[in-house]
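Asker: Sequence and predicted structure are below.
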Amino acid sequence: MQTIHFKRGQSYLFRLPPGEDLVVGLYRVCREQNIACGVFQVHGAVRNATVGHMDQESGQVRRRVLDGEHDLVQCTGNVSSEGDSFSVHAYAVLSDREGRVAAGKLLEAEVFVAEVFCQELRGRVPVRTQDPETGLSLWPPA
Amino acid sequence: MQTIHFKRGQSYLFRLPPGEDLVVGLYRVCREQNIACGVFQVHGAVRNATVGHMDQESGQVRRRVLDGEHDLVQCTGNVSSEGDSFSVHAYAVLSDREGRVAAGKLLEAEVFVAEVFCQELRGRVPVRTQDPETGLSLWPPA
Amino acid sequence: MQTIHFKRGQSYLFRLPPGEDLVVGLYRVCREQNIACGVFQVHGAVRNATVGHMDQESGQVRRRVLDGEHDLVQCTGNVSSEGDSFSVHAYAVLSDREGRVAAGKLLEAEVFVAEVFCQELRGRVPVRTQDPETGLSLWPPA
């Protein structure tokens, strides 16, 4: 088995500014703080979120737009290497004001409030490459 | 940008006693253990939970009571400074026995079982103050 | 109060192989890496998941089979001692391709993709024993 253990780097707590796209904002802060690998959690509220659902047969992601305001009740994900750079993968559970719950890969969301905890990890950063079986951009299997 | 990175303090694993309010219990343990800042996750089951949904226009939180028993499937949040003390913000996804899912800010919940992991963070603790734009009690923006 | 704080051990990032049961796979990697205590989060997609809902009166878990493909939008849990060995408890929020959301204790799930972050904790590992009040296998109360 390849090496899969890491040293913890720094921990981060911050708030993204309103109006910024959530995934873009996470990417921006990682770049500014030189976070090449890590895990994060976000809480807050967003507008006009788009979530993705995976079609396991085709490897395609079905996009679904969630109109209006949603609470970002759970949102976690990771930062790792991909190509010449790094990528942010975020997954979210959202609720509207009537209590209707949605969940999926978070593709886009305009920040209303976004409080972020990020734990940097230092070590041999896993590299996403296209998996021949699924067509998805995945870490190597352990 | 202000300093947003932290040193990790201690890690905690514990179980809250049955009957205690979950948010009150988290606050109590943080006070007893001198945890001024951190992030946590909780799993278990609760009774008579109340969740909140944010109205982004008014900054008000709509309270919604979830009658009866619910599994606490996901519950995460953070501890940080507010006023002269600190505050606990928790967000939860719950399911009843029929599989109906609810999600929102967790305002109240009577513990049936609550297993908690808390990661203390040490550094310049973010201070919640009333945000003039939203009316919410927020950390300063990064 | 008993000692409830821990030192962090190593951090792990890895991907479970397709086709393996998710909970079995987490258990296997913990055994291979000598992780006796920790917390984890998983993202990915699974097939033929079974979730459990707790009946608080009886302490029994109602099993519910989720047919077909689901995104594993949130999945967190912990590793701790139980009997002569250790046990893995996982809790998940899942979504199907139509956006229908399910949530519960994750009892079984065939991995399609499973990216795992695990944070090992070192210290006096909490031991699950049968709680006389609920009949559940729980850590001692704090």
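Answerer: Happy to help now that I have it.
Asker: The strand or helix carrying residue A:129 - which strands sit beside it in the sheet, and in what orientation?
Answerer: Following DSSP states H and E, one finds residue A:129 within strand A:127-130. Note on strand A:127-130: by DSSP bridges, its sheet partners are strand A:61-82 (parallel), strand A:137-138 (antiparallel).
Asker: Pull the distance from stretch A:28-43 to the chain's centre.
Answerer: 10 Å (CA atoms, centre = their mean, to the nearest Å).
Asker: End to end on that stretch, go ahead and measure it.
Answerer: For stretch A:28-43, the first-to-last residue distance is 18 Å (CA to CA, to the nearest Å).
Asker: again with stretch A:73-89
Answerer: OK, stretch A:73-89 end separation, CA to CA: 17 Å.
Asker: for that stretch, which positions count as buried?
Answerer: Residues of stretch A:73-89 classed as buried: A:73-82, A:86, A:88-89 (neighbour count, 16 or more other CB atoms under 10 Å in any protein chain shown). C-beta: built from backbone N, CA, C; applies to glycine.
Asker: lowest-confidence helix or strand of chain A?
Answerer: strand A:5-16 (a mean of 89; mean pLDDT, DSSP states H and E).
Asker: Give the buried residues for that strand.
Answerer: A:5-6, A:8-16.
Asker: Look at the residue of chain A found nearest chain C and give its secondary structure.
Answerer: Here the residue of chain A nearest chain C is residue A:142; by CB to the nearest CB that distance is 3.6 Å. Recorded secondary structure, residue A:142: coil (DSSP: H, G, I helix; E, B strand; the rest coil).
Asker: Which positions in chain A make contact with chain B?
Answerer: Within chain A, the positions adjacent to chain B are A:8, A:10-18, A:29, A:32-33, A:41, A:43, A:45, A:47, A:69, A:71, A:73-74, A:76, A:93-99, A:101, A:112-113, A:115, A:117 by CB under 8 Å from any CB of the partner chain.
Asker: What strand or helix carries the residue lying closest to residue A:72 once chain neighbours are set aside?
Answerer: Closest residue to residue A:72 apart from its sequence neighbours, by CB to CB, 6 or more residues apart in numbering or on different chains: residue A:44 at 4.8 Å. Following DSSP H and E, the helix or strand that holds residue A:44 is strand A:38-54.
Asker: Secondary structure class of residue A:23, three-state.
Answerer: helix.
Asker: wait, isn't it in contact with residue A:88?
Answerer: Yes - between residue A:23 and residue A:88 there is a contact under CB atoms under 8 Å: 5.7 Å.
Asker: what are the bridge partners for the residue nearest to residue A:102 when sequence neighbours are not counted, then?
Answerer: Leaving out its chain neighbours, the residue that sits closest to residue A:102 by CB to CB, 6+ apart is residue A:94, at 4.9 Å. Taking DSSP bridges as the rule, residue A:94 bridges to residue A:72, residue A:102.
Asker: Could you double-check that residue A:94 sits in contact with residue A:49?
Answerer: Yes - between residue A:94 and residue A:49 there is a contact under CB under 8 Å: 6.0 Å.
Asker: Now for these two: what residues contact both?
Answerer: Residues touching both residue A:94 and residue A:49 (CB atoms under 8 Å, 6 or more residues apart in numbering or on different chains): A:66, A:70, A:102.
Asker: Contacts only, for the first one.
Answerer: Neighbouring residues of residue A:66 by CB under 8 Å, 6+ apart: A:48-51, A:94, A:96, A:102.
Asker: Count residues in the vicinity of residue A:21, would you?
Answerer: Residue A:21 has 17 neighbouring residues, counting by other CB atoms under 10 Å in any protein chain shown.
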